[in-house]
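Visitor: A structural model of the following input is requested.
(chains A, B, C and D)
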Protein chains: 2
Amino acid sequence: MSDFYQKKTTNGYYCNIYQYLIYMKVESRKQEIINAAAILFKEKGYSAVTMRDLAKAMGIKAASLYNHIQSKQEILSTIIIDLAEEFTTGMNAIAASDINCVEKLEKIISLHIDVTLRNSDGLASLNNDWMHLEEENLLYFEKMRRDYEENFRKIVIKGLKAGEIKSSNVEIIVFSTLSTLRTLYLWYPKQQNIDAAILKKDMISVLLKGII
Amino acid sequence: MSDFYQKKTTNGYYCNIYQYLIYMKVESRKQEIINAAAILFKEKGYSAVTMRDLAKAMGIKAASLYNHIQSKQEILSTIIIDLAEEFTTGMNAIAASDINCVEKLEKIISLHIDVTLRNSDGLASLNNDWMHLEEENLLYFEKMRRDYEENFRKIVIKGLKAGEIKSSNVEIIVFSTLSTLRTLYLWYPKQQNIDAAILKKDMISVLLKGII
DNA sequence: CCATAAAACTAACAATTGTTAGTTTTATAA
DNA sequence: TTATAAAACTAACAATTGTTAGTTTTATGG
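Guide: Down below sits the predicted model:
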């Protein structure tokens, strides 16, 4: 540790790995900009937020943003694609795991809660502004979204066949569960210090066992 | 009937009520514009849709729109306020009715499905673009939304006390149910010819009794 | 203190925005 | 046919948009 951390500076520290000396920032200015953008996008949507709005939130001028980012579009795609990949990775692990279908649904609920607690601002863009992604990223996102829903649907169908899930319209089950999980980002920040473990338990109960 | 409909024209008909002769349109050009706008707003959001986009969808030039509407803002507020008032009226009737809490929840689910079937495009604006309403309409909308949620919450709390609803976190019940109902507009148009009565029955079952 | 790089700045651009003014076309009733 | 009103048009405006070029300031390590 003592020869790992070579020297601290204001925004980061130097670090030698083998023969290389590299500079590592605590959090890059770029990431700060992206985080600030996510908050603004959540409030007004991507299209209504101007680069001047974002600059003002950062306490700098609009042109200065371009020392750190390539374009407004890059900010949006970073926010959305990072999150979508997080969901994809999580879902793939759950789908491949050797547990029954109801347990898989519980893991999915847990995944959504974890991601929401970590980045509820970014989820607003993922839910509402994905259509403003450009060509390649739009297609990539849409594929991830499609695959995610298909994995979810397969789990429900298997659960129905196995008798773990009550017979009902598959699409209604998929839609009603997913819509609640996807909207968590709107609701969670309004709750003061709710414990993640309790939230998971209650959400699982309400979504799976109902309320009456 | 025969002396009620006086004369037909291309876009409407003349009609005498008592001593007055009035001209009634089948559907006003204004309403056509608002309907077209709702579709575009659903696809890209209010801020990303330009008056030239809307004009092109109507097959006319942007300036021509202003023969029928006052402003872009008027279109948005008409879409949202009309729908919000519809929900408010429906909820007030349900809250005041002499039925038990679970029956009230069933009526609320039915209300959301009815409104969604009638105007799923407009609901996109209500859900995603309400923050772009201006001063007075924004306050009016926010009050209606607050009151609606408060009515919903009261019904759930009463249901819990009466033992009609299983003990659980009130906020989670309110949030998870409402988020599904509010997102119906995204899901319903993708389903081909699903019967409203069956949809209501299944939604009530999934939301109230759960899936396992 | 000095050299360098990171990060801010000013000024401006070309395109697009909602909207207005004034004019022409189209539809209607007599 | 003719007068009128509805609804389209062209042309333009002032403001705002994302972004670039070029310059100055600030922070850093030696």
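Visitor: those residues of chain A touching DNA strand C, which are they?
Guide: Of all the residues in chain A, those in contact range of DNA strand C (C-beta under 7 Å from any atom of the strand) are A:Asn11, A:Arg29, A:Ala55, A:Ile60, A:Lys61, A:Ala62, A:Ala63, A:Ser64, A:Asn67, A:His68. For the C-beta atoms, the positions are set from N, CA and C on the backbone; glycine is no exception.
Visitor: helices of chain A, start to end?
Guide: Using DSSP state H, the helices found in chain A span residues A:29-44, A:51-58, A:62-65, A:72-96, A:101-118, A:120-128, A:135-161, A:170-182, A:184-187, A:196-204.
Visitor: can you give me the buried ones in the longest one?
Guide: I take that to be helix A:135-161. When burial is assessed from 16 or more other C-beta atoms under 10 Å in any protein chain shown, helix A:135-161 yields the following buried residues: A:Asn137, A:Tyr140, A:Phe141, A:Met144, A:Tyr148, A:Asn151, A:Phe152, A:Ile155, A:Val156, A:Gly159, A:Leu160.
Visitor: do you know how far the residue nearest the centre of chain A is from A:Ile39?
Guide: What sits nearest the mean C-alpha location of chain A, by C-alpha atoms, centre = their mean, is A:Leu83, with 3.5 Å. Computed as C-beta to C-beta, to the nearest Å, the A:Leu83 to A:Ile39 distance reads 15 Å.
Visitor: again with A:Leu186
Guide: To A:Ile39, A:Leu186 is 14 Å away according to C-beta to C-beta.
Visitor: also A:Ala48?
Guide: If you go by C-beta to C-beta, the gap between A:Ala48 and A:Ile39 works out to 13 Å.
Visitor: got a markdown table for the buried residues of helix A:135-161, with distance to DNA strand D too?
Guide: Converted to a markdown table, the buried residues of helix A:135-161 look like this (distance: C-beta to the nearest atom of the strand, whole Å):
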| residue | distance to DNA strand D |
| --- | --- |
| A:Asn137 | 14 |
| A:Tyr140 | 19 |
| A:Phe141 | 19 |
| A:Met144 | 24 |
| A:Tyr148 | 29 |
| A:Asn151 | 34 |
| A:Phe152 | 34 |
| A:Ile155 | 40 |
| A:Val156 | 40 |
| A:Gly159 | 45 |
| A:Leu160 | 46 |
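Visitor: please name the nearest non-neighbouring residue to A:Leu184.
Guide: Nearest non-adjacent residue to A:Leu184, counting by C-beta to C-beta, 6 or more residues apart in numbering or on different chains: A:Thr116, 4.5 Å away.
Visitor: so what's the one you found up against?
Guide: A:Leu123, A:Leu184, A:Tyr185, A:Tyr188 (C-beta atoms under 8 Å, 6 or more residues apart in numbering or on different chains).
Visitor: do the same with A:Val156
Guide: Residues touching A:Val156, when contacts are defined by C-beta under 8 Å, 6+ apart, comprise A:Cys101, A:Leu105, A:Ile165, A:Val170, A:Ile173, A:Val174.
Visitor: domains in chain A, as residue ranges please.
Guide: The record assigns chain A these domain ranges, following automatic domain parsing: A:1-69, A:72-212.
Visitor: show me the shaky parts of chain A.
Guide: Applying pLDDT under 70 to the predicted model, the residue ranges of chain A that meet it are A:1-27.
Visitor: what does chain A put close to chain B?
Guide: Residues of chain A lying close to chain B (C-beta under 8 Å from any C-beta of the partner chain) are A:43-48, A:102, A:128-129, A:131-132, A:164-166, A:168-169, A:171-173, A:175-177, A:179-180, A:182-183, A:186-187, A:191, A:199, A:202-203, A:205-212.
Visitor: nearest residue to A:Ala57 other than its sequence neighbours?
Guide: The shortest distance from A:Ala57 to any residue that is not its chain neighbour, by C-beta to C-beta, 6+ apart, is 4.8 Å, and that residue is A:Ala36.
Visitor: against DNA strand D, how distant is the one you found?
Guide: 14 Å (C-beta to the nearest atom of the strand, to the nearest Å).
Visitor: repeat for A:Ala96
Guide: In terms of C-beta to the nearest atom of the strand, A:Ala96 sits 39 Å off from DNA strand D.
Visitor: OK, now which residue of chain A is nearest to chain B?
Guide: Taking C-beta to the nearest C-beta as the measure, chain A has A:Gly210 as its residue closest to chain B, at 2.9 Å.
Visitor: what values do phi and psi take at the closest residue to that residue other than its chain neighbours?
Guide: Closest residue to A:Gly210 in three dimensions, ignoring its sequence neighbours and counting by C-beta to C-beta, 6+ apart: B:Gly210, at 2.9 Å. Reported as degrees, to the nearest 10, the phi and psi values for B:Gly210 are phi 80, psi -170.
Visitor: now do B:Gly210: how many residues are near it, please.
Guide: Applying other C-beta atoms under 10 Å in any protein chain shown, we find 20 other residues in the vicinity of B:Gly210.
Visitor: hmm, it is touching A:Ser176, no?
Guide: No - under the contact definition of C-beta atoms under 8 Å, B:Gly210 does not touch A:Ser176, with a separation of 10.3 Å.
Visitor: what's the most buried one of the domains of chain A?
Guide: Relative to the other members of these, domain A:72-212 carries the highest mean neighbour count by mean count of other C-beta atoms under 10 Å in any protein chain shown, namely a mean of 17.
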